[in-house]
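Engineer: what shape does this take:
(4 chains)
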4 protein chains.
Amino acid sequence: MTTPIVEAKETGRIEAFSDGVFAIAVTLLVLELKVPQLAEDAANAELWSVLLSHWPSYAAYLVSFMTILIVWVNHHRLFNIIQRSDSRFLFLNGLLLLVVTTIPFPTALLAEFLQKPSASVACAIYSGTFVLLALAFNAFWRYAAYRNRLLTRTVTTEQVAATSRSLLFGPITYFVAFVLAFVNVYASFGLCMLLAIYWAVSGFERAAERA
Amino acid sequence: MTTPIVEAKETGRIEAFSDGVFAIAVTLLVLELKVPQLAEDAANAELWSVLLSHWPSYAAYLVSFMTILIVWVNHHRLFNIIQRSDSRFLFLNGLLLLVVTTIPFPTALLAEFLQKPSASVACAIYSGTFVLLALAFNAFWRYAAYRNRLLTRTVTTEQVAATSRSLLFGPITYFVAFVLAFVNVYASFGLCMLLAIYWAVSGFERAAERA
Amino acid sequence: MTTPIVEAKETGRIEAFSDGVFAIAVTLLVLELKVPQLAEDAANAELWSVLLSHWPSYAAYLVSFMTILIVWVNHHRLFNIIQRSDSRFLFLNGLLLLVVTTIPFPTALLAEFLQKPSASVACAIYSGTFVLLALAFNAFWRYAAYRNRLLTRTVTTEQVAATSRSLLFGPITYFVAFVLAFVNVYASFGLCMLLAIYWAVSGFERAAERA
Amino acid sequence: MTTPIVEAKETGRIEAFSDGVFAIAVTLLVLELKVPQLAEDAANAELWSVLLSHWPSYAAYLVSFMTILIVWVNHHRLFNIIQRSDSRFLFLNGLLLLVVTTIPFPTALLAEFLQKPSASVACAIYSGTFVLLALAFNAFWRYAAYRNRLLTRTVTTEQVAATSRSLLFGPITYFVAFVLAFVNVYASFGLCMLLAIYWAVSGFERAAERA
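Structural biologist: Down below sits the predicted model:
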């Protein structure tokens, strides 16, 4: 079980299983978008205004979708340099997937309570889930990268260090969003949204330079 | 990371993740088909008539299923000539998947409101989602095809131009369906259904000629 | 696009997408098993008796699960000899997947109405869905097998004819179950259950002989 | 159909389909986490206390998630030495997947009734499902391992015997949890939780030694 072929198969199936979980988590988010129950004779204007009033659902849907997609892109990218696997790594990857699959729940919670007096708790749980997501992603990467444990030999020390540094940004900024939840929920949720946009754009810039 | 093998792996995982999202989005549609709640002693005729009265659910289910399947077939077909990937392309593919995963929501909305006074809004959102779907598909293709950025070398300029032209048909016709939603909802929804049938049949004709 | 490698990729992605749809359809069935809503002080005996009274849910779950699994096994097995693909075949495979993804709905319908006066309609829709499933499977196979259109060259005329013959059994027996739904729902549903058991066992016997 | 390539494809598709089912079952668990319905003016403290009172939901979610993940890791690990497949094996794998896909239902049942007078029944069904899961996993392995039927030739008799012995631990300990459900539900559920933690940690230790 130490031949390159078996190892390739090994990370191949982790990637396939992880892709499945990412794909399902991102798709289940839509089940939180609820069709409004209106009176039989409700007019167009009424349906329209009820749908508009549900904007926190759509905003939370978008931010959660983008965040999971960004984690998937990065997970995908790191597996270009992670080439081996062991059981502790499977466990850390499983921990990351646990946080990813949980995201539809705080998303629904935020959608329900963002405009209500208990918004702070919902928003703290939402951004707190992203803190856990970023921490799990760091643990996943650091375990693989420690003394190049699971990495391909062609990767340089600088590349590893740069990746480790850039991943630290996540837990710190999401922790700021978590604290902001107790001050102003729109600032907290807005920060989560900005981070999703920033990582989407910056990731693509960096990739463009590299290409 | 510039060897053909790594590139192949790269589009391989995009295709696998996209396939997962397409497969889940298409399967989640069934959750919008609701079992009717009847009185305990409701007779066969009553169940039958209630099920028949839910025909907008089945029609919306069929049109959405076919539309997602057609997008999947085309996505699949284009990946026969798209052989490289970069991060901006991952983002555009993610945008396409975002619209695909959202489809169960406007489908449920249309099923609920097609026969009610607020049908225009539901139908505009339904066909409007397909406008976005077609636009996202065009962006996805045009980015890959621009100066043959991500295409295989064996593809000809004529093939690329023909594909680009034929994809323009989507946003235009769905925009017509969107406008029709404010005139006659059955015409708008009927056009969405006709387009699904037309693309299914014509795609297969063209493929048959090519074979 | 006529090299063997591209063809292999082609059926590879059809199989992967189909596997995704089969896997999701089979897993979504569990969402139809509902947790009973009881009074806060309901005792063990009460929960137990309510759960037992839901036996049609579990029976329908089991039969649908086994039926989808048998279709998957056969789909899987036929792709050992189907080696090419064209767009009409994608369409016929899509038609088969459409019926497969729909199965959770008639399953929930049967679970809800099997012990009620409107059982015949629910049971006719359930077995009728299986008629459609068997017809779609026959169309899928016959298109691929017609003049060996999409088959590997190593397959013999006898193997093709034997497969075609054995697949005819499905639509005929499910049609009997469909007719029985209007006579006795337990006989109709029991036949669907027996067919699932028969195909499971016989398929495994035949495979065992072949090995 | 007896070349190594075809065999590899064969177990490849079983693994892919199984991975899909595992990934979906693990992700569907989140749908059992329900957003509480509170009065419009409910304060932060109220939402927080309602969410805290739902701790059985989160605990059941965690234990079920970890248990499915452990089964996936072991399924994955055994396929490093299982290299062939036959139809009976497909059936036994299907039986295992049937139990896996069912898990969201007893999980929701336990979450609903753990703190109510009918907890024993819910907890017996929960741990009883894990008894079935462990039995199905043993059947799956023993069929493949019997006289090395489906195993790679490089595996030793000692490795096979050690695997068979270690898998016996599952049905026995879950049966103890099942019996405990009628004595003390927290002891029963606590044992299920301890087993998940124990297997996670010990599996990783063993793997670490082997590496």
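
Engineer: next one: phi and psi at the spatially most central residue of chain A?
Structural biologist: The residue at the geometric middle of chain A, judged as the C-alpha nearest the mean C-alpha position with C-alpha atoms, centre = their mean, is A:Ile68 (3.4 Å). In this entry, A:Ile68 is assigned phi and psi values of phi -60, psi -40 (degrees, to the nearest 10).

Engineer: and if you look at A:Phe113?
Structural biologist: The phi and psi torsions at A:Phe113 (degrees, to the nearest 10) take the values phi -110, psi 0.

Engineer: without its sequence neighbours, what residue ends up closest to it?
Structural biologist: Of all residues not flanking A:Phe113 in the chain, A:Ala122 sits nearest, at 3.7 Å (C-beta to C-beta, 6 or more residues apart in numbering or on different chains). C-betas here are computed from N, CA, C, even on glycine.

Engineer: summarise which helices and strands whichever strand or helix holds the one you found is packed against.
Structural biologist: Using DSSP states H and E, the element containing A:Ala122 is helix A:119-145. For helix A:119-145, the packing partners by 3 or more C-beta pairs under 8 Å, 6 or more residues apart in numbering or on different chains; DSSP states H and E come out as helix A:55-78, helix A:87-102, helix A:104-113, helix A:157-180, helix A:185-210, helix D:44-53.

Engineer: is the second one in proximity to chain B?
Structural biologist: No. For helix A:87-102 and chain B, the contact criterion (C-beta under 8 Å from any C-beta of the partner chain) is not met; the two come no nearer than 13.1 Å.

Engineer: please see if that helix touches chain D.
Structural biologist: Yes. Contact check for helix A:87-102 against chain D, using C-beta under 8 Å from any C-beta: residues in range are A:87-88, A:90-91, A:94, A:97-98, A:101-102.

Engineer: tell me the mean pLDDT over that helix?
Structural biologist: Per-residue pLDDT over helix A:87-102 has a mean of 91.

Engineer: between helix A:119-145 and that helix, find me the angle.
Structural biologist: Between the axes of helix A:87-102 and helix A:119-145, defined by axes from the mean of the first three to the mean of the last three C-alpha atoms, to 10 degrees, the angle is 160 degrees.

Engineer: list the buried residues in the helix or strand bottoming out on mean pLDDT in chain A.
Structural biologist: Every helix and strand in chain A was compared by mean pLDDT, DSSP states H and E; the lowest is helix A:4-28, with a mean of 76. Of the residues in helix A:4-28, those with enough neighbours to count as buried (16 or more other C-beta atoms under 10 Å in any protein chain shown) are A:9-28.

Engineer: what residue ranges in chain A score low on pLDDT?
Structural biologist: Of all residues in chain A, those with pLDDT under 70 make up the ranges A:1-10, A:203-211.

Engineer: next, give phi and psi for A:Phe79.
Structural biologist: Per degrees, to the nearest 10, the backbone of A:Phe79 is at phi -70, psi 0.

Engineer: same question but for A:Leu33, I mixed them up
Structural biologist: In terms of degrees, to the nearest 10, the main-chain angles of A:Leu33 are phi -80, psi 110.

Engineer: what's the least confident helix or strand of chain A packed up against?
Structural biologist: For helix A:4-28, the packing partners by 3+ C-beta pairs under 8 Å, 6+ apart are helix A:55-78, helix A:87-102, helix B:4-28, helix B:87-102, helix D:4-28, helix D:55-78.

Engineer: just give the number of residues close to A:Leu78.
Structural biologist: When counting by other C-beta atoms under 10 Å in any protein chain shown, one arrives at 17 neighbours for A:Leu78.

Engineer: ok, now A:Tyr198?
Structural biologist: The burial count for A:Tyr198: 13, using other C-beta under 10 Å.

Engineer: measure it to C:Phe137 for me?
Structural biologist: Distance of A:Tyr198 to C:Phe137, given as C-beta to C-beta, to the nearest Å: 49 Å.

Engineer: what kind of secondary structure is the spatially most distant residue from the centre of chain A in?
Structural biologist: Each residue of chain A has a distance to the centre, and by C-alpha atoms, centre = their mean the biggest one is for A:Asp41: 41.1 Å. With DSSP: H, G, I helix; E, B strand; the rest coil as the basis, the three-state label of A:Asp41 is coil.

Engineer: please state the offset of stretch A:160-176 from the chain centre?
Structural biologist: 14 Å (C-alpha atoms, centre = their mean, to the nearest Å).

Engineer: next, see if that stretch gets close to chain B.
Structural biologist: No. Under the criterion of C-beta under 8 Å from any C-beta, stretch A:160-176 makes no contact with chain B; the nearest approach is 13.8 Å.

Engineer: buried residues of stretch A:111-131, list them for me.
Structural biologist: By neighbour count on 16+ other C-beta under 10 Å, the buried set for stretch A:111-131 is A:111-114, A:116-131.

Engineer: so who does the residue nearest to A:Leu167 when sequence neighbours are not counted touch?
Structural biologist: The spatially closest residue to A:Leu167, leaving aside those adjacent along the chain, is A:Asn138, at 5.3 Å (C-beta to C-beta, 6+ apart). With contact set as C-beta atoms under 8 Å, 6 or more residues apart in numbering or on different chains, A:Asn138 has these partners: A:167-168, A:170-171.

Engineer: just to revisit the earlier point, my read: the residue farthest from the centre of chain A touches B:Gln115, true?
Structural biologist: No. Judged on C-beta atoms under 8 Å, A:Asp41 makes no contact with B:Gln115 at a distance of 12.0 Å.

Engineer: just the CA atoms of stretch A:37-46, as PDB, please.
Structural biologist: Once non-C-alpha atoms are left out, stretch A:37-46 reads as follows in PDB (Å, rounded to 0.1, in the frame of the first residue of the first chain):
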ATOM      1  CA  GLN A  37     -48.200  31.100   1.600                       C
ATOM      2  CA  LEU A  38     -50.600  33.800   0.500                       C
ATOM      3  CA  ALA A  39     -54.400  34.200   0.300                       C
ATOM      4  CA  GLU A  40     -55.900  32.600  -2.800                       C
ATOM      5  CA  ASP A  41     -56.800  36.000  -4.300                       C
ATOM      6  CA  ALA A  42     -53.400  37.700  -3.500                       C
ATOM      7  CA  ALA A  43     -52.500  40.100  -6.400                       C
ATOM      8  CA  ASN A  44     -49.100  40.400  -8.200                       C
ATOM      9  CA  ALA A  45     -48.100  43.400  -6.100                       C
ATOM     10  CA  GLU A  46     -48.700  41.400  -2.900                       C
END
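
Engineer: got the contact list for it?
Structural biologist: The set of residues that contact stretch A:37-46 without belonging to it, under C-beta under 8 Å, 6+ apart, is A:47, A:50, B:116-121.

Engineer: and it, how far out from the chain middle?
Structural biologist: The answer for stretch A:37-46 is 36 Å, by C-alpha atoms, centre = their mean.

Engineer: could you pull out the buried residues of it?
Structural biologist: Neighbour-count burial for stretch A:37-46 [16+ other C-beta under 10 Å]: A:38, A:42, A:44, A:46.

Engineer: and these, which two are furthest apart?
Structural biologist: Pairwise distances across the buried residues of stretch A:37-46 (C-beta to C-beta) peak at 10.9 Å, for the pair A:Leu38 and A:Asn44.

Engineer: tell me how far the helix holding A:Ala122 lies from the chain's centre.
Structural biologist: Averaging C-alpha positions (C-alpha atoms, centre = their mean) puts helix A:119-145 8 Å from its chain's average.

Engineer: same question for stretch A:93-103.
Structural biologist: Remark: stretch A:93-103 is offset 9 Å from the chain centroid, using C-alpha atoms, centre = their mean.

Engineer: do stretch A:54-65 as well
Structural biologist: The chain centroid and the centroid of stretch A:54-65 are separated by 14 Å, computed with C-alpha atoms, centre = their mean.

Engineer: got a list of contacts for that stretch?
Structural biologist: For stretch A:54-65, the surrounding residues in contact (C-beta under 8 Å, 6+ apart) are A:26, A:29-30, A:32-34, A:36, A:103-104, A:107-108, A:110-111, A:114-115, A:126, A:189, A:192-193, A:196, B:98, B:101-102.
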